[in-house]
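1. Quick one, what's the 3D model for this:
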Amino acid sequence: MIWEGLTDRQLCELLKDPKQNGHRNVQQIVQHMSTPLVLWGWHPGEGRSPIPMKLDTFLARVRDWAANGAACPAETAAGRDRVP
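-> Take a look at the predicted model:
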């Protein structure tokens, strides 16, 4: 996946970049998180592990993130050490 190895900040910036997110604004990102493509992660089929976070929790956090300005987290010393 394109986001593997990214820090939380890098992932946030990617999600908010219209050139990389399908030309979506923040509200459209929130809506996208409820589409079949994203929801598949919770029911990926036999032999695959579902996303470990409850879907309701994930969607609530996405909505809260958007409602609070969709700010990206600051980089941490550990986060800067990750290799994209």
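
2. now the end-to-end length of stretch 21-33.
-> 12 Å (Cα to Cα, to the nearest Å).

3. Longest helix in the chain, please.
-> For the chain, the longest helix by residue count, based on DSSP state H, is helix 55-67.

4. could you pull out the helices for the protein?
-> Using DSSP H, the helices of the chain run over 8-16, 26-32, 36-39, 55-67, 77-80.

5. need the ones you listed in a markdown table with distance to residue 45, mean pLDDT and mean neighbour count, can you?
-> C-beta: built from backbone N, CA, C; applies to glycine. As requested, the helices of the chain are exported to a markdown table (distance: least, Cβ to Cβ, whole Å; pLDDT from 0 to 100; neighbours: other Cβ atoms under 10 Å):
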| stretch | distance to residue 45 | mean pLDDT | mean neighbour count |
| --- | --- | --- | --- |
| helix 8-16 | 24 | 94 | 16 |
| helix 26-32 | 21 | 97 | 15 |
| helix 36-39 | 13 | 95 | 11 |
| helix 55-67 | 16 | 97 | 13 |
| helix 77-80 | 32 | 57 | 9 |
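
6. which helices and strands sit right next to the longest helix of the chain?
-> Using 3 or more Cβ pairs under 8 Å, 6 or more residues apart in numbering; DSSP states H and E, the elements in contact with helix 55-67 are helix 26-32.

7. The helix it packs on - contacts with which helices or strands?
-> helix 8-16, helix 55-67.

8. so which of these comes closest to residue 33?
-> Closest to residue 33 of these, according to Cβ to Cβ: helix 55-67, at 4.9 Å.

9. still on that earlier bit, could you export the helices of the chain as CSV, including distance to residue 49?
-> Compiled in CSV, those are given as follows (distance: least, Cβ to Cβ, whole Å):
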stretch, distance to residue 49
helix 8-16, 19
helix 26-32, 22
helix 36-39, 15
helix 55-67, 15
helix 77-80, 24
